[in-house]
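> Below are the sequence and a predicted model; questions follow.
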Amino acid sequence: MTKEPQQPDFSWDISKMSDADLRLAMQSIPCQTDPEAPAPLVELTGLNGQGSAMMRCQVPLRLQATGDLGDYAFAYCRDADVRLDGNVGHGAGDGMSGGVVLITGNAGCGLGTAMTGGTLAVYGSAGDRVGAAMRGGSIFVRGNVGDDTGAGALGGTIVVGGDAGRRLGDGLNNVTVFLRGQAESLAPGVTEAPLRKREEVRLGLLLMGASIRGSASEFRRIIPQARLDAEEAGAGEIRPNWR
C-alpha cells in the first residue's frame, strides 16, 4: 500500500512574507506538550529563489517545500527537520548547529561552511568549499563537489558520492572525508587511507541516516598524513589497562 502524504499543520506562501514575517510565524507556533508527538509540519510555497530563506530557524519544526531558494538558505538552523525538493544557492546551511536539512537538487559554493552540528545532505552536486571551516556535524553530497572541499575544517564528517575538484582537504584537522569518486588533486599533507572496518560500519550508518543509497565499501578515506602516521604507529587506538 502507498502511504498517504501527511497533511501539513501550516502552509505559508513565502513569496508574500518578509524575513521578519517568517520568523514571527515560526515563533508563534505553540510548543508541543507531548514529547512523543512529531513536530508540527509546515509546508512552504511560493519559492522563487529567495535569499536567506529560513535563516536562523531555531524552532523544532518539520519543513517541506518544492522550488528553488537563493543564497544562505537554512543558514544557522538548529532544530528544524527540512526537506527541499529543489536547488539552493551559495552558503546553504552556513553555521548550521543541529537538525537535518535534505536538499534534492544542487547547491552552490560554501555548502555547510562553519557548521558545528546536524546533518546537511544534498542529493545533487555542490560547488567549491564544501564544509570549509566546519567544526562538527555531517555533510553528504551524492554528486560531485568543487575545489577546496573541507578547507580549514576542524571537526565533522564530509561524504562525497561523486568526484571532487582540486586541493581536497586543504588544512584538514580532526575531519574525515569519505570519497567514492576521484579527486582532481589532494591538498599537501593529505592522503588516501585504508577504510578500516569500524570506519566502514560508521559510514554505513551515516549513509542510512541521510537516506543515501550506496555501500560504504565503495568509498575511500581522505585524512591528514599525520593522522595516518599516528594510526600506523598505534596512537589513538583503545588499549586495555591491565593494572
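Noted; the coordinates are in hand.
> tell me which element residue 227 falls in.
helix 225-232 (DSSP states H and E).
> Also residue 47?
Using DSSP H and E, residue 47 sits within no helix or strand.
> Contact partners for it?
Contacts for residue 47 (CB atoms under 8 Å, 6 or more residues apart in numbering) come out as 14-15, 53, 65-69, 86. C-beta: built from backbone N, CA, C; applies to glycine.
> repeat for residue 51
Contacts of residue 51 (CB under 8 Å, 6+ apart): 69-72, 89.
> distance of it from residue 33?
35 Å (CB to CB, to the nearest Å).
> shaky segments in this structure?
Low-confidence segments of the chain, defined by pLDDT under 70: 1-5, 235-243.
> That one: helices as residue ranges?
Assigned helices in the chain, in chain order: 19-27, 197-209, 225-232 (criterion: DSSP state H).
> Domain boundaries for this structure, per the record?
As assigned by automatic domain parsing, the chain contains the domains 8-28+37-105, 116-233.
> which residue packs closest to the residue most central in space within the chain, ignoring adjacent ones?
In the chain, the centroid-proximal residue (CA atoms, centre = their mean) is residue 120; its distance is 1.9 Å. Spatial nearest neighbour of residue 120, chain neighbours left out: residue 93 (4.3 Å); criterion: CB to CB, 6 or more residues apart in numbering.
> ok, that neighbour touching residue 114?
No - with contact defined as CB atoms under 8 Å, residue 93 does not reach residue 114; the gap is 9.6 Å.
> Those two: who's more crowded?
residue 93 (32 against 20; other CB atoms under 10 Å).
> Check the gap between the more buried one and residue 196 for me.
Distance from residue 93 to residue 196, by CB to CB: 29 Å.
> what do you get for residue 110?
For residue 110 relative to residue 196 (CB to CB), the value is 31 Å.
> out of the contacts of residue 51, who has the most neighbours?
In terms of neighbour count, residue 69 stands highest of those at 26 neighbours, by other CB under 10 Å.
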